[in-house]
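Trainee: attaching a predicted model along with its sequence, questions to come.
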Amino acid sequence: PAFNSDAAVKATETYLKLFKDSAPGTQTGSWDESTGAFLSGQVAILVESTPLSGMAVDPKTSQVVGKIGFLPPPSPLPGGGYGHGLAIAAKANADDASKKCAGLFIAWATSKENEKRRLDAHQFGELNRTSILSSKEFADIYGADLGQALAETGKVTAVNFWQDPRWPDLGDRWGIILEELIAGTRTDVKGSLNELEAYANELVKK
């Protein structure tokens, strides 16, 4: 673990400073508020997950249709950045039989036939296949620049979080500490990250 490095402290301090220039309520807001602000034209630039793209070009959910463009987000991008629609829990892989069953399900769920059905139904958030995202039919519905942005995003998508069952525990602790720093109930950035570092080291030992 290296949660309390000079770079980590600087990154956390910079993150906290950004809130001083953000809209009221940002400190306690979530993705729902941020995407809502974007779709209503109150936010100019937003880094968000793939399903928002479909909402942004849908007249039923967006007031900015025809006024926006798409680009790949900064890299590296954590796992799930591309092909965001489908996930399957680790419990499905408990044994060889379960792995085979899960594999058959994923093959069926992401088949060209089912992907085409989702595209025809405009279920953008559930699309996973590159052949669909790069197709003419997709471009006709969502625009050519969105497909290009997704293709570029695929190139920088990587699993860069700790691939371990203990990750949710560590991630939750990290989130709580960061939330307390954002809310102001904590003010010592270095001390807070030292605490997180100690917690991570103890967790690794178990």
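Mentor: All right, it came through fine.

Trainee: and the residue nearest the centre of the chain, how far from residue 101?
Mentor: Centroid check for the chain by CA atoms, centre = their mean gives residue 49 as the closest residue, at 4.6 Å. Separation of residue 49 from residue 101 (CB to CB, to the nearest Å): 28 Å. Quick note: C-beta positions are derived from backbone N, CA and C, even for glycine.

Trainee: kindly report the same for residue 205.
Mentor: From residue 205 to residue 101 the distance is 35 Å (CB to CB).

Trainee: equivalent analysis for residue 120, please.
Mentor: For residue 120, the distance to residue 101 (CB to CB) stands at 28 Å.

Trainee: okay, the two: which has more neighbours?
Mentor: Taking other CB atoms under 10 Å, residue 120 and residue 101 do not tie; residue 101 has more neighbours (13 against 10).

Trainee: from residue 128, how far out is that one?
Mentor: From residue 101 over to residue 128 (counting by CB to CB), the distance is 19 Å.

Trainee: over to residue 186. Which of the three states is it?
Mentor: coil (DSSP: H, G, I helix; E, B strand; the rest coil).

Trainee: helix/strand/coil for the nearest residue to residue 146 once chain neighbours are set aside?
Mentor: Using CB to CB, 6 or more residues apart in numbering and skipping residues adjacent in sequence, the residue nearest residue 146 is residue 70, 4.7 Å away. With three-state DSSP as the basis, residue 70 sits in coil.

Trainee: sketch out the low-pLDDT regions of the protein for me.
Mentor: 79-92 (pLDDT under 70).

Trainee: show me where it has strands.
Mentor: Under the criterion DSSP state E, strands are not mapped anywhere in the chain.

Trainee: ok, residue 145 touching residue 72?
Mentor: No - between residue 145 and residue 72 there is no contact under CB atoms under 8 Å: 10.9 Å.

Trainee: the more surrounded of these two?
Mentor: Higher neighbour count among residue 145 and residue 72: residue 72, with 18 against 13, using other CB under 10 Å.

Trainee: so the more buried one touches residue 153, yeah?
Mentor: Yes - if you go by CB under 8 Å, residue 72 and residue 153 touch, sitting 4.4 Å apart.

Trainee: run a quick neighbour tally on the nearest residue to residue 166 once chain neighbours are set aside.
Mentor: Among residues not flanking residue 166 along the chain, residue 203 sits closest, at 5.5 Å (CB to CB, 6+ apart). For residue 203, the tally of surrounding residues (other CB under 10 Å) stands at 16.

Trainee: show me what contacts residue 203?
Mentor: By CB atoms under 8 Å, 6 or more residues apart in numbering, the residues touching residue 203 are 166, 169-170.

Trainee: how far away is it from residue 78?
Mentor: In terms of CB to CB, residue 203 sits 20 Å off from residue 78.
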